[in-house]
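Visitor: Need a 3D model of the following:
(one chain, ligands or ions: 2)
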Amino acid sequence: MQYKSANSRTLAAMKGLLIVFACVSVTHCVEFYTEKPSYMQTCRINDPEFVKCSTSSIQKLMIQLGKGIPEVEEVIGTFDPLKVKEIQFAQDNQGAVQLHANLTDMVATGLSSMIIKESKVSKKDYSWETKVFIPKLRLEGQYKMSGKILLIPLNGAGHMFIEIENLNLLMRTKTRLYEKGGFTFYNVTKLRMDLNPGGVKTNFENIFNGNSKEVERSTNLFFNENWREFFEALRPLITETVETTMLEILQKVFHLIPANFFVEDIPTSTELYKKGKKK
Ligand SMILES: *[C@@H]1O[C@H](CO)[C@@H](O)[C@H](O)[C@H]1NC(C)=O
Ligand SMILES: *[C@@H]1O[C@H](CO)[C@@H](O)[C@H](O)[C@H]1NC(C)=O
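Guide: Numbering: from 1, shown residues only. Ligands and ions are numbered 1, 2, ... in the order given. Sure, this is the predicted structure:
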């Protein structure tokens with residue numbers, strides 16, 4: 001085990017390979033980096049300044065995502081603007097919020113301006129807690145919706161946008177370490193976000209199915225004037241959208257880049273899980 005991993009590391013270094021293809025089967029090959037890309041900053045979790053280092057390391061990664069990481073772009077396209085997968089959302093409860101929404105052709109802009117305020121990594125289970133600030137996040141696309149927002153019954157379809165300003169978010173990410181080609185990788189398994197916006201602008205076209213342009217205008221105005229309540233009503237929908245999108249990106253990135261390039265002294269999965277609680 002030791003020998004094999006050391007050997008493949010040396011071999012990769014000798015050949016000067018940046019990317020290797022690990023083929024599980026003929027049809028299923030996964031590519032990953034075996035050399036540290038120059039934009040990466042590596043930290044040591046046992047260093048007292050780890051959080052500071054990790055914050056700067058993740059910031060650099062985000063900047064690079066904005067510039068484009070080819071292997072990631074192949075799968076998700078550009079990071080900013082970003083194509084968002086179709087969202088089907090249903091929420092029913094006894095409260096004021098009953099909403100069914102389908103969002104399609106969605107594009108998110110603003111992610112590349114994100115500022116990493118703090119990136120913590122737990123030594124216990126290598127979960128992450130990340131504080132992020134996004135000056136302006138815009139979601140735009142086609143919607144189809146029925147239900148109520150702020151007690152207003154809606155039944156419409158058309159173009160919409162939601163622009164979230166000064167968005168502070170706390171991201172809690174669960175990971176599971178695994179080994180590949182002599183490196184340790186993060187398998188990003190779960191992601192939860194707590195969104196805290198500083199302002200919201202929105203417009204839903206055709207919100208009453210074309211019944212009255214005047215009522216449509218005044219309703220959108222009402223949403224904008226009461227943006228906090230509007231956001232609360234749509235919080236589950238927006239949170240789910242952002243969570244699903246970020247999870248997919250992070251999974252792709254961390255299957256590609258070894259965790260060793262982020263945290264030099266990360267344990268192997270065997271080391272971490274054998275001394276931890278039994279799973
Ligand atoms: C959303 O799409 C699903 C599946 O296509 C459909 O069952 C549902 O009625 C749609 N909801 C709205 C509000 O259009
Ligand atoms: C990552 O985790 C998911 C589910 O938690 C699992 O299905 C998948 O096989 C894991 N991938 C790797 C490479 O370990």
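Visitor: State the three-state secondary structure for Leu139.
Guide: Assigned state for Leu139: strand (three-state reduction, DSSP: H, G, I helix; E, B strand; the rest coil).
Visitor: any idea how far ligand 2 is from the residue lying closest to it once chain neighbours are set aside?
Guide: Among residues not flanking Leu139 along the chain, Ile162 sits closest, at 4.9 Å (Cβ to Cβ, 6 or more residues apart in numbering). Every C-beta, even on glycine, is put in place using the N, C-alpha and C of the backbone. As for Ile162, its distance to ligand 2 is 30 Å (criterion: Cβ to the nearest ligand atom, to the nearest Å).
Visitor: residues of the helix or strand where Ile162 lies that come out buried?
Guide: Ile162 is part of strand 152-180 when elements are defined by DSSP states H and E. Across strand 152-180, burial judged by 16 or more other Cβ atoms under 10 Å covers 154, 156-158, 160-165, 167, 169, 171, 173-177, 180.
Visitor: Strands along the stretch 101-250 of the chain, start to end?
Guide: When secondary structure is read from DSSP state E, counting those that start in this stretch, the stretch 101-250 of the chain shows strands at 115-121, 128-149, 152-180, 183-196, 199-204.
Visitor: so Leu248 makes contact with Ile76?
Guide: Just so we're on the same page, residue 248 is Glu rather than Leu. Yes - assessed by Cβ atoms under 8 Å, Glu248 is found in contact with Ile76 at 6.6 Å.
Visitor: Tell me the residues on this protein that lie near ligand 2, please.
Guide: Arg176, Tyr178, Asn187, Thr189 (Cβ under 6 Å from any ligand atom).
Visitor: Nearest to Pro258 among the residues you listed?
Guide: The shortest separation between Pro258 and any of these is 10.7 Å, and it belongs to Tyr178 (by Cβ to Cβ).
Visitor: Show me the beta-bridge partners of the closest one.
Guide: Here Tyr178 shows beta-bridge partners Phe185, assigned using DSSP bridges.
Visitor: so what's it up against?
Guide: Listed by Cβ atoms under 8 Å, 6 or more residues apart in numbering, the contact set of Tyr178 reads Thr184, Phe185, Asn187, Ser269.
Visitor: Go again with 7 Å.
Guide: Shown in contact with Tyr178 (Cβ atoms under 7 Å, 6 or more residues apart in numbering): Phe185, Asn187, Ser269.
Visitor: do Val253 as well
Guide: Counting by Cβ under 7 Å, 6+ apart, Val253 makes contact with Val72.
Visitor: for Thr173, same thing?
Guide: Contact analysis of Thr173 by Cβ under 7 Å, 6+ apart lists Ser127, Trp128, Thr130, Val188, Lys190, Leu191, Leu250.
Visitor: So it versus Ser119, what's the distance?
Guide: Thr173 sits 10 Å away from Ser119, taking Cβ to Cβ, to the nearest Å as the criterion.
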